[in-house]
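Asks: Following is a predicted model, sequence given first.
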Amino acid sequence: MGSKRGRRDFLKNGATLAGGLTLGAAVPALGQEPAAHDTHAAPPMLKGDKDTIAYGVRSKYVTAVRIPHGARPSPDQFGLTFHIATPLQDSVGVITPSSLHYVATTRGAFLPDIDPKEHSLLVHGLVDRPLTFTVDDLKRLPSVTRLHFMECAGNRSSRRAKNVQESHGMTSCAEWTGVLLSTLLKECGMKGTAKWFVAEGAEEVKGASSMPIAKGMDDCFVAYGMNGEAVRPQNGFPLRLMVPGFEGIFHTKYLRRIKVVDRYYINYNEFGHLDQESKEAALDYQIGPKSVITYPSGAQQLPGKGFYEISGLAWSGGGAVKLVEVSTDGGKKWNKAQFKGTPQRMAHTRFGYQWNWDGNETEILSRCTDEIGQVQPSREQLAKYWNKPYDATFTVTGLDNSIQPWRIGRDGSVTNGFA
Amino acid sequence: MASRNVLLVSFAFVLLVGVSVLAQGATYGVGRTPTAEEIRAMDISISPTGEELPPGQGTAKEGGELYRTKCAACHGAAGVGSIAPLLKSKNPSNPDVWAKERILPLRAPHATIVWDFINRAMPLGREGTLTANEVYSLTAYLLFLNALVPEDQVLDAQSLPKVQMPIGNNYGSLPEWKPGTPRLKGYPY
């Protein structure tokens, strides 16, 4: 009897207590009576349909998209795809979703619609045994899975760039799976006279690039997988040559042929990148250490002073990122940033830096140092190195890996520090 | 009985040969040996000295006719440019080729590169349809437009690689690449 009443009292008191807590928590915060359904409000439903059950789609509230890079529209008047930039301002982590990975083509190309059963890779030239590999053959061989960034030579910031997509969007990072080129070259019995190799695609323009055989034997691989599924057509389906840390153009899409040769074959791609001086040529080859803050970045708006975790990406063609420093006072003081995860070789590395903004105008910057000691320079340092005036006419020689400043206004606006 | 022994011996021989080939490096035995004809059909790379160039020939005079029907719609009359890239400098009197526009038949270090690109990538949408003679003729015409060969010079596998291009070997060479080296030695950054 007593125990029964006790339970009823407990339930009654408990309910009162819970209600009181709910009111106590909600009233001061919202300043009004909560609507009756607030505590178990159900959002509208996404109806399952056959297509989205088969292959998922993102929320309609997530709107990050790629944009044509520079002045060239894509598709252009011929229907060709040129350069398309990744929305780095919306990126989190280090993997660029395949559907947002940057795209570039040299002459501009139609995307080939390749049946992988009809596609194969020929390895020939200075080898004892030329061989043809089908895509299924390649999947039988020992594989590697590696995180790698790619970056287009045209990925340079400018005074016109309003946001990080316009200034840095021609780089992305994905997890790639495939067979080491060294595995294929050993299978074919590479001759001692081999010095270079030509990689060629199957698209209508048969895009080709030449690379030193030392790179081919070190870490190049023929990728069939990207971010856990097949490489996407815009990124080279069914096979793409990965050339970690080299400029994007070397990563030959729709790979159909590798020819091992004894000297430097200049293809259309190399002609387009030819420089007058060897120093310039070297800076248009292996990518230097680089980083950029993606939050807060150009065109974003800070709601007010207080705490923010500054977030950004760092990478280098020379290996893994060793150190990232962040400055929140226009470069006077540099502070060590924190890595989110372990830096991988030739891969985007996410960094963070905890910052309390005092509400005053300032500039935020990041600087990358890689494992072989290369340091990301400021534009001013580069002007000094090349003995050029540091003014509006200054352009960076080779691939531009200079430090990007973002200006924070008193109103919380974020703008390009070069502009 | 004798024929059976011969068979056994040859079987053993095949086995031995097979093993020795494997020992030279074909670790996995995956992949198919292409025929020489398959390789010839696929191999469209042309070296700076033109070893892979096919038989055939052409002059700028012949190329000019072809250009008007196959190229002018996009590249403009006489290479002056239209919706497709320029093929002739708008600034022909400037002696500094590096200061001029990036025009393939002018700035390519070797004439073979012009041949290679026309052969593999032109005309847009009908790539691979030109005959070797047509490619020689069009190459000759574009080189003629840039005052690099006379209009009647016959270009073929022997003469094309010998055409003196303005840049030749005077371009910035790439550094010898090794794993773990900086992008440019002595570069402070």
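Replies: It's in.
Asks: Helix or strand: which one has A:Met150?
Replies: strand A:144-151 (DSSP states H and E).
Asks: Equivalent analysis for A:Gly93, please.
Replies: Applying DSSP H and E, one finds A:Gly93 in no helix or strand.
Asks: For it, which non-adjacent residue is spatially closest?
Replies: A:Arg350 (6.0 Å; C-beta to C-beta, 6 or more residues apart in numbering or on different chains). Placement of C-beta: from N, CA and C, glycine included.
Asks: I'd guessed the one you found sits against A:Leu88; true?
Replies: No: counting by C-beta atoms under 8 Å, A:Arg350 sits too far from A:Leu88 to count as a contact (11.4 Å).
Asks: In the stretch 151-300 of chain A, which residue sits closest to chain B?
Replies: A:Ala281 (3.6 Å; C-beta to the nearest C-beta).
Asks: what number of residues lie near the residue nearest to that residue when sequence neighbours are not counted?
Replies: Leaving out its chain neighbours, the residue that sits closest to A:Ala281 by C-beta to C-beta, 6+ apart is B:Gly172, at 3.6 Å. B:Gly172 has 16 neighbours, counted by other C-beta atoms under 10 Å in any protein chain shown.
Asks: residues in contact with B:Gly172?
Replies: A:274-282 (C-beta atoms under 8 Å, 6 or more residues apart in numbering or on different chains).
Asks: do the host helix or strand of A:Val326 and chain B meet?
Replies: If you go by DSSP H and E, A:Val326 is part of strand A:321-327. No: Strand A:321-327 is not in contact with chain B by C-beta under 8 Å from any C-beta of the partner chain; minimum separation 13.0 Å.
Asks: For that strand, which strands pair with it and how are they oriented?
Replies: Strand A:321-327 has the following strand partners under DSSP bridges: strand A:335-336 (antiparallel), strand A:362-370 (antiparallel).
Asks: Columns mean neighbour count, distance to A:Ser59 and mean pLDDT on top of those strands, output as TSV?
Replies: Formatted as TSV, these follow (neighbours: other C-beta atoms under 10 Å in any protein chain shown; distance: least, C-beta to C-beta, whole Å; pLDDT from 0 to 100):
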stretch	mean neighbour count	distance to A:Ser59	mean pLDDT
strand A:335-336	12	35	98
strand A:362-370	23	30	98
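Asks: how about those in TSV, adding distance to B:Pro182?
Replies: Output for those, formatted as TSV (distance: least, C-beta to C-beta, whole Å):
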stretch	distance to B:Pro182
strand A:335-336	23
strand A:362-370	9
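Asks: Out of these, the one nearest A:Ala214 is which?
Replies: strand A:362-370 (19.4 Å; C-beta to C-beta).
Asks: and that closest one, C-alpha only, in PDB?
Replies: Taking C-alpha atoms only, strand A:362-370 is exported to PDB below (Å, rounded to 0.1, in the frame of the first residue of the first chain):
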ATOM      1  CA  THR A 362      43.400  42.000 -38.900                       C
ATOM      2  CA  GLU A 363      44.900  39.600 -41.400                       C
ATOM      3  CA  ILE A 364      45.100  35.800 -41.000                       C
ATOM      4  CA  LEU A 365      47.700  33.700 -42.900                       C
ATOM      5  CA  SER A 366      49.100  30.200 -42.900                       C
ATOM      6  CA  ARG A 367      52.500  28.800 -43.800                       C
ATOM      7  CA  CYS A 368      53.500  25.200 -44.600                       C
ATOM      8  CA  THR A 369      56.900  23.500 -44.100                       C
ATOM      9  CA  ASP A 370      57.300  20.000 -45.700                       C
END
